[in-house]
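S.K.: This is a predicted model, with the sequence first.
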Amino acid sequence: MKNILSVIFTICAGFLIFFPQKVEAQISPEAERALRDAKISVFKQRTEPRDFTLPLSDGGKATLSSYKGKVVILNFWATWCPPCRAEMPSMETMYQHFNKQDLVMLAVDVGEDALIVKRFIHNGGYTFPVLLDSDKKVSSVYGINAIPTTYIIDREGMIVGRIIGSIMWDKPKVIAAFDALLKS
């Protein structure tokens, strides 16, 4: 009997590891409405993101779970991608707008050489954290098929929305959406 219970427990624990937990969305109705007004896809169920650690373009490492308690914009991009390049200046503007608040912007470069990424970031004057997914393992785990793709993670560390394609992050409706999400 002990062996059977042990096997059942192991199977259940394995299920939780390989299939992320989903829970009902818990953001405020105001935040949900503001995100939708900004044309940001809001999930009916929040999903726990896969944790990862990646090198930063300027040295050191960043771990996603270390940002729990903050709203995280997790943007997958590449220097060769025209829509990615187009949204970068507005990402910097938004980053500067929320820099002193509990909002973190993480730009994950997909599959490029670190030197190319560093040069692009330096030449653009971008100051938000840029992570290097040189081997594409993290982007693969997140199912990134098109870039840019952005996930929105709430303060509890759950994915609440996604954007496929570029947006202008400094538009008033987008700023208002993240103001509302920070307050929810």
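M.R.: Received, thanks. Given the structure is predicted, the values throughout are model-derived calculations rather than measurements. Numbering: from 1, shown residues only.
S.K.: Next up, the contacts around the residue sitting nearest the centre point of the chain.
M.R.: The centre of the chain sits closest to L74, judged by C-alpha atoms, centre = their mean, with a distance of 1.8 Å. Listed by C-beta atoms under 8 Å, 6 or more residues apart in numbering, the contact partners of L74 are 49, 64, 106, 108, 150-153. The way it works is simple: take the backbone N, C-alpha and C, and place the C-beta from them, glycine included.
S.K.: Show me where the chain has its strands.
M.R.: 22-24, 41-47, 53-55, 61-63, 71-77, 103-110, 130-133, 149-153, 159-164 (DSSP state E).
S.K.: mind putting the ones you listed in a markdown table, mean pLDDT included?
M.R.: Output for the strands of the chain, formatted as a markdown table (pLDDT from 0 to 100):
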| stretch | mean pLDDT |
| --- | --- |
| strand 22-24 | 49 |
| strand 41-47 | 88 |
| strand 53-55 | 98 |
| strand 61-63 | 97 |
| strand 71-77 | 97 |
| strand 103-110 | 97 |
| strand 130-133 | 98 |
| strand 149-153 | 97 |
| strand 159-164 | 95 |
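S.K.: Turn the ones you listed into TSV, including distance to R119.
M.R.: Shown next, in TSV, are the strands of the chain (distance: least, C-beta to C-beta, whole Å):
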stretch	distance to R119
strand 22-24	40
strand 41-47	33
strand 53-55	16
strand 61-63	20
strand 71-77	15
strand 103-110	12
strand 130-133	12
strand 149-153	23
strand 159-164	26
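S.K.: closest one to K118 among the ones you listed?
M.R.: Proximity to K118 (C-beta to C-beta) singles out strand 130-133 among these, at 8.3 Å.
S.K.: Now the closest one: buried residues?
M.R.: For strand 130-133, the neighbour count (16 or more other C-beta atoms under 10 Å) marks 130-133 as buried.
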